[in-house]
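Peer 1: The following comprises the amino acid sequence and a computationally predicted model.
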Amino acid sequence: KPVWFAYKYLAALQGKQVPSTDEFTWAATDGQGVQAIIWDWRQPEQTASNRSFFGKPQPAQAAGTATVELRHLPPGRYQLTQQRTGYEVNDAHTAYLKMGSPKSLDAKQLAELQGLTTDKPELQRELRVGANGAATVTLKLRSHDVVLLGIKRIGG
């Protein structure tokens, strides 16, 4: 499912592309707000084949912070929404592995896995943009996380 969420986040990029100097960020604006995808990709160090390596949970490692600097926004109030997919976040695969990779799931296991992939925002808050039209958002990243930031104007 993490790959599914990554594609879902890509589909959330609406409107014109916003230039970025970071190769791990894509952003777009539709005139009503800005959407940005930020990710951390690292080639895993593995001594086993893909099947045996990815057949076990692969915990995320802290990867530092990402700072998104926005410019040229109309002054006002905005709703900031942050969604994430990665290790144990929208990640039914890791939970499935921890269950022992059963060949078939019972109703309780299926409900548990479905409950782990609701893609609820991990953060929603108001963001104020002053007369200079600038705003900065800083977020923590872990290895292989994909984060969707949504910034939508809610008032003057």
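Peer 2: Noted; the coordinates are in hand.

Peer 1: drop to CA atoms for contacts and neighbour counts, all remaining ones
Peer 2: Fine.

Peer 1: Which other helices and strands does the lowest-mean-pLDDT helix or strand in the chain contact?
Peer 2: Lowest by mean pLDDT, DSSP states H and E among the helices and strands of the chain is helix 50-53, with a mean of 80. The helices and strands touching helix 50-53, judged by 3 or more C-alpha pairs under 8 Å, 6 or more residues apart in numbering; DSSP states H and E, number zero.

Peer 1: Tell me how far the next helix or strand after that helix lies from the chain's centre.
Peer 2: Toward the C-terminal end, the helix or strand that comes next after helix 50-53 (DSSP states H and E) is strand 62-70. Centroid displacement of strand 62-70 relative to its chain, using C-alpha atoms, centre = their mean, to the nearest Å, is 12 Å.

Peer 1: Tell me which residues of the following helix or strand past strand 62-70 come out buried.
Peer 2: Note on strand 62-70: by DSSP H and E, the next helix or strand toward the C-terminus is strand 76-85. Buried residues in strand 76-85, counted by 16 or more other C-alpha atoms under 10 Å: 77-85.

Peer 1: Give me the neighbour count for the nearest residue to Ala134 once chain neighbours are set aside.
Peer 2: Leaving out its chain neighbours, the residue that sits closest to Ala134 by C-alpha to C-alpha, 6 or more residues apart in numbering is Arg71, at 4.5 Å. Arg71 has 12 neighbours, counted by other C-alpha atoms under 10 Å.

Peer 1: got it, and the one 3 residues further on?
Peer 2: Neighbouring residues of Pro74 were enumerated by other C-alpha under 10 Å; the total is 17.

Peer 1: ok, now how distant is it from Lys108?
Peer 2: Going from Pro74 to Lys108 by C-alpha to C-alpha, to the nearest Å gives 48 Å.

Peer 1: what does Asp22 give?
Peer 2: Distance, Asp22 to Lys108, by C-alpha to C-alpha: 42 Å.
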